[in-house]
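Chemist: okay, sequence plus prediction incoming.
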Amino acid sequence: MLWTIIVALIVGCIVGPLARLILPGDQNLSIPVTILLGAVGSLVGAWVGAQFLGTEGEQFSFWGLILGTIFAIVAVAAYIAVTRRGGNRAVTR
């Protein structure tokens, strides 16, 4: 279990920037935020893989990597959507 978390965090440091490269358009994300979102996405992907694909206990899983990348893309896209939407609100009184 601990190795799964460690490997997911290391993979997340790779898939975060990869997810950012895959997404079209300009993203105003710092490197630490990109890595953090990749790590969170990778952890969620590892968890989903363990729950639904039976990859629990494996230090490296191809499907865990794929799911981690997909969830990292979703995390980066969601973060961009939330921060853009929050910054473009007009104040009316």
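Modeler: Structure received. Remember, predicted model here, so these are calculated numbers, not experimental data.

Chemist: what helix or strand is the residue most central in space within the chain on?
Modeler: Nearest residue to the geometric centre of the chain (Cα atoms, centre = their mean): A72, 2.0 Å. In the assignment (DSSP states H and E), A72 maps to helix 62-87.

Chemist: who are the packing partners of that helix?
Modeler: helix 2-22, helix 31-52 (3 or more Cβ pairs under 8 Å, 6 or more residues apart in numbering; DSSP states H and E). Where C-beta positions appear, they are placed from N, C-alpha and C, glycine not excepted.

Chemist: and that helix, average pLDDT?
Modeler: Mean per-residue pLDDT for helix 62-87: 77.

Chemist: quick check: the residue nearest to the centre of the chain vs V15, distance?
Modeler: Per Cβ to Cβ, to the nearest Å, A72 is found 4 Å from V15.

Chemist: now the common contact residues for these two.
Modeler: G38, G41, S42 (Cβ atoms under 8 Å, 6 or more residues apart in numbering).

Chemist: ok, the first one - contacts?
Modeler: Contacts for G38 (Cβ under 8 Å, 6+ apart) come out as G12, C13, I14, V15, G16, P17, L18, A19, A72, A75, V76.

Chemist: retrieve the pLDDT associated with the nearest residue to G64 once chain neighbours are set aside.
Modeler: Spatially, and ignoring its direct neighbours in sequence, G64 is nearest to G49 (4.3 Å; Cβ to Cβ, 6 or more residues apart in numbering). As predicted, G49 sits at a pLDDT of 76.

Chemist: what's the closest non-adjacent residue to I31?
Modeler: The shortest distance from I31 to any residue other than its chain neighbours is 7.9 Å, reached at P17 (Cβ to Cβ, 6+ apart).

Chemist: thinking again about what came up before, for the helix holding A72, which residues meet the burial criterion?
Modeler: Within helix 62-87, the residues that count as buried by 16 or more other Cβ atoms under 10 Å are 63-65, 67-73, 75-77, 79-80.

Chemist: one more: stretch 7-22?
Modeler: V7, A8, L9, V11, G12, I14, V15, G16, P17, L18, A19, R20.
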